[in-house]
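Asks: Coordinates for the following, if possible.
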Amino acid sequence: MIKNFIFVGLIALLTSGCATGLNSQQSAQYNSMEARGLAVQEKNPTTGALLGILPGGGSFYAREPAFGVLNLLFWPLSIFWDPVSGYDGATRINYNFSKAQIDNDKREAEKKLYRDYQDGLISETALARGMRDIEDKYRY
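Replies: Numbers count the residues shown, from 1 in each chain. Next up is the predicted model:
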């Protein structure tokens, strides 16, 4: 009885995948980034899924080497979950890269606008309007 319970638990754990995808809020943010042309594609999720067919390929592609080795050991069973891990991992990488790039671009735009204000090139009203525009442009 206990052996069966442990076996079922182990199978459930193994088939749940290793790389964590985006939660619902992150997914909505990433969709918004893509729709507004702000998303960065560092990794191709489809490539991650296809590489998941190879022993540990999806996890290695998603920069999860420990899970890649684990999936390598469980190959060919890992072809049931590693394509999902590769896809989710690549999407997570793209989300994180996009967020970092957007935050960096926003800081640079704010610095430029503030320098223009300090140099007397724009008024305080124009500074406030510009900051609102930057906030709207780089919101995710």
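
Asks: need the next SSE after the helix or strand containing residue 98, C-terminal direction.
Replies: Assignment of secondary structure by DSSP states H and E places residue 98 within helix 82-118. Tracing the chain C-terminally past helix 82-118 and defining elements by DSSP H and E, one meets helix 124-137 next.

Asks: Relative to the whole chain's centre, how far out is that following helix?
Replies: 28 Å (C-alpha atoms, centre = their mean, to the nearest Å).

Asks: do the same with stretch 41-57
Replies: For stretch 41-57 - counting by C-alpha atoms, centre = their mean - the centre lies 14 Å from the chain centre.

Asks: cool, and stretch 128-140?
Replies: Computed by C-alpha atoms, centre = their mean, the separation of stretch 128-140 from the middle of its chain amounts to 23 Å.

Asks: Look up the closest residue to residue 53, ignoring the ones flanking it.
Replies: Across the structure, with C-beta to C-beta, 6 or more residues apart in numbering as the measure, the residue nearest residue 53 apart from its sequence neighbours is residue 79 (5.5 Å). C-betas here are computed from N, CA, C, even on glycine.

Asks: ok so, going back, taking helix 124-137 as reference, get the angle to the helix holding residue 98.
Replies: Counting by axes from the mean of the first three to the mean of the last three C-alpha atoms, to 10 degrees, helix 82-118 points 180 degrees away from the direction of helix 124-137.

Asks: same question for helix 82-118, mean pLDDT?
Replies: Confidence over helix 82-118 (mean pLDDT, whole number) is 95.

Asks: re the thing from before, angles on the backbone of the residue nearest to residue 53, please.
Replies: With angles defined as degrees, to the nearest 10, residue 79 shows backbone torsions of phi -70, psi -10.

Asks: Tell me how many other residues crowd it.
Replies: The number of residues packed near residue 79 is 16, by other C-beta atoms under 10 Å.

Asks: Now do the buried residues in the helix holding residue 98.
Replies: Using 16 or more other C-beta atoms under 10 Å as the test for burial, helix 82-118 gives 82-95, 98-99, 101-102, 106, 109, 113, 117.

Asks: Counting neighbours, what do you get for the nearest residue to residue 78 once chain neighbours are set aside?
Replies: In space, and not counting its chain neighbours, residue 78 is closest to residue 71: 3.8 Å by C-beta to C-beta, 6+ apart. Residue 71: 28 surrounding residues under other C-beta under 10 Å.
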